[in-house]
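**Student:** Give me a 3D structure for the following:
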Amino acid sequence: MKNKDKILDEIIKSNKYNKINEDVINRVIDSEIPKYKNDKLIIKEVKNRLHQIHGIYLDVSSNKKAKLLLEENKNDEVLKLHMSTLERLGFYEEFYEKIFCVTGIPGSILDLACGYNPFSIEYMKLNRGFNYYAYDINEETNELINLFFDNNNYNGISKTLDLTVSVPEENVDIAFLFKFIPLVEQQNKSFSEELLKKIKAKYIVISFPTKSVTGRNVGMIDNYKKLFSSIIQNDFVVVEEILFSNELVFIIKKNGGKCGKR
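**Tutor:** Alright, predicted model coming up:
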């Protein structure tokens with residue numbers, strides 16, 4: 001007998017997933033219920049999917065450690081606690097330097113599926129008075145980012161959001177979408193194109209990993225280039241393509257410069 005309420009209760013009882021937005025959990029449950037015969041198998045697969053989406057990047061104890069480190073202003077140590085920011089830590093300064101060389105220094109940033117990336121603001125070398133809008137599915141992570149913004153007097157806010165349900169309305173200079181498309185393509189192959197069209201930004205910066213989580217190079221660059229090309233089609237112009245040691249970055253804008261009212 002399939003009981004969705006019971007399945008949801010079992011998932012959110014887990015320390016690993018109880019801070020993930022329930023919209024996300026419910027969406028994953030809905031996608032897995034038709035595939036399995038009983039609750040036990042559904043729960044197992046839902047947890048597996050949530051691990052792929054989120055848990056693989058952030059350990060269950062990371063947010064607690066991050067809060068203590070933020071109190072000590074040890075931002076680089078915080079960046080080490082999330083897989084994506086840890087991988088980027090060795091070249092963060094170069095990362096933003098090359099991006100902003102193309103886009104200019106942004107006055108407003110939209111950081112989607114942000115993880116711990118907002119904690120790298122010091123590497124961005126932004127002008128004071130910038131606006132930073134961050135969104136993530138982990139409610140505890142958003143609380144930490146808001147604490148970080150407040151402690152540093154940054155004009156920023158971080159909110160909980162499932163991007164497959166809604167897209168933020170902020171109109172910005174630049175939007176970051178780092179390593180997200182591969183994850184969402186596993187869930188909904190037609191969604192990425194619609195997401196990009198709805199983002200209101202002069203430039204959108206999209207990245208893909210060039211190595212697997214185990215550090216193997218398995219032809220990911222060529223595969224992601226093909227995927228990316230199929231997603232943007234004729235709706236976007238690729239302004240720049242930048243390859244870092246373990247991350248492939250595309251800077252795009254809407255074809256004809258139609259990026260929403262500015």
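**Student:** All the strands of the stretch 51-200 of the chain, in order from the start?
**Tutor:** When assigned using DSSP state E, counting those that start in this stretch, the strands of the stretch 51-200 of the chain occupy the ranges 108-112, 131-136, 155-160, 172-178.
**Student:** possible to save these as CSV with distance to L8 and mean pLDDT?
**Tutor:** Just so you know, the C-beta spots here come from the backbone N, C-alpha and C atoms, and that holds for glycine as well. Output for the strands of the stretch 51-200 of the chain, formatted as CSV (distance: least, CB to CB, whole Å; pLDDT from 0 to 100):
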stretch, distance to L8, mean pLDDT
strand 108-112, 25, 98
strand 131-136, 20, 97
strand 155-160, 17, 97
strand 172-178, 28, 98
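**Student:** Make a markdown table out of these and add mean neighbour count.
**Tutor:** Converted to a markdown table, those look like this (neighbours: other CB atoms under 10 Å):
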| stretch | mean neighbour count |
| --- | --- |
| strand 108-112 | 24 |
| strand 131-136 | 22 |
| strand 155-160 | 17 |
| strand 172-178 | 23 |
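**Student:** Adding distance to L196, write those strands out as a markdown table.
**Tutor:** Below are the strands of the stretch 51-200 of the chain laid out as a markdown table (distance: least, CB to CB, whole Å):
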| stretch | distance to L196 |
| --- | --- |
| strand 108-112 | 11 |
| strand 131-136 | 15 |
| strand 155-160 | 20 |
| strand 172-178 | 8 |
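**Student:** can you count the residues close to S14?
**Tutor:** Neighbour count of S14, defined by other CB atoms under 10 Å: 14.
**Student:** Please report how far it lies from L144.
**Tutor:** 20 Å (CB to CB, to the nearest Å).
**Student:** again, but for E247
**Tutor:** Counting by CB to CB - E247 and L144 are separated by 23 Å.
**Student:** quick one: which of the two has more around it?
**Tutor:** Taking neighbours as other CB under 10 Å, E247 and L144 compare with L144 leading, 23 against 19.
**Student:** if I pick that one, what's in contact with it?
**Tutor:** 63, 66-67, 70 (CB atoms under 8 Å, 6 or more residues apart in numbering).
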